[in-house]
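K.L.:
sequence? don't have it. structure:
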């Protein structure tokens, strides 16, 4: 894109990327409600003690606040979104519900 050999038509997330603020979202470009993103997170087994979860969350948050880490990820097109373990759990649940609807609308059934 920077060289001009490629033209970005849109980004698939709900918001424009800070790396390419002039590129609209797919929703802005004409498909309202469209949002598909990749996301990464750290999870632990279901019965992991709360203090262990809290420590893991704190340590990952420290890494995420590191300016060098932020810059490195941003240079690769990744934007950090920090959250609490509870917020991440809610995000995972929303994603499951969203993709279940997509599969059902397409007549697909997970095995």
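P.N.:
Ah, there it is. Computed from a prediction, not measured in an experiment: that's the story for all the values here.

K.L.:
quick one: which helix or strand includes residue 56?
P.N.:
helix 50-65 (DSSP states H and E).

K.L.:
so residue 18 makes contact with residue 79?
P.N.:
Yes. At 6.5 Å, residue 18 counts as touching residue 79 under the criterion of Cβ atoms under 8 Å. Backbone N, C-alpha and C define where each C-beta goes, glycine included.

K.L.:
Spatially central residue for this structure, please.
P.N.:
residue 39 (3.4 Å; Cα atoms, centre = their mean).

K.L.:
Surely that residue is within a strand?
P.N.:
No. Going by DSSP: H, G, I helix; E, B strand; the rest coil, the assignment for residue 39 is coil, not a strand.

K.L.:
Let me know the angle separating the least confident helix or strand in the chain by mean pLDDT from helix 50-65.
P.N.:
Least confident element among the helices and strands of the chain, by mean pLDDT, DSSP states H and E: helix 67-75 (a mean of 89). Going by axes from the mean of the first three to the mean of the last three Cα atoms, to 10 degrees, helix 67-75 is angled at 70 degrees with respect to helix 50-65.

K.L.:
hmm, who's touching helix 67-75?
P.N.:
18-19, 63-64, 79-80 (Cβ atoms under 8 Å, 6 or more residues apart in numbering).

K.L.:
okay, the residues you listed in JSON lines with neighbour count next?
P.N.:
Below are the contacts of helix 67-75 laid out as JSON lines (neighbours: other Cβ atoms under 10 Å):
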{"residue": "18", "neighbour count": "8"}
{"residue": "19", "neighbour count": "14"}
{"residue": "63", "neighbour count": "10"}
{"residue": "64", "neighbour count": "14"}
{"residue": "79", "neighbour count": "13"}
{"residue": "80", "neighbour count": "14"}
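
K.L.:
Tell me the one of those nearest residue 12?
P.N.:
Using Cβ to Cβ, residue 79 is the member of the contacts of helix 67-75 that lies nearest residue 12, at 12.9 Å.

K.L.:
domains for this structure, by residue range?
P.N.:
1-37, 50-105 (automatic domain parsing).

K.L.:
Can you give the distance of the longest one from its chain's centre?
P.N.:
Its chain's C-alpha centre lies 7 Å from the corresponding centre of domain 50-105 when counted by Cα atoms, centre = their mean, to the nearest Å.
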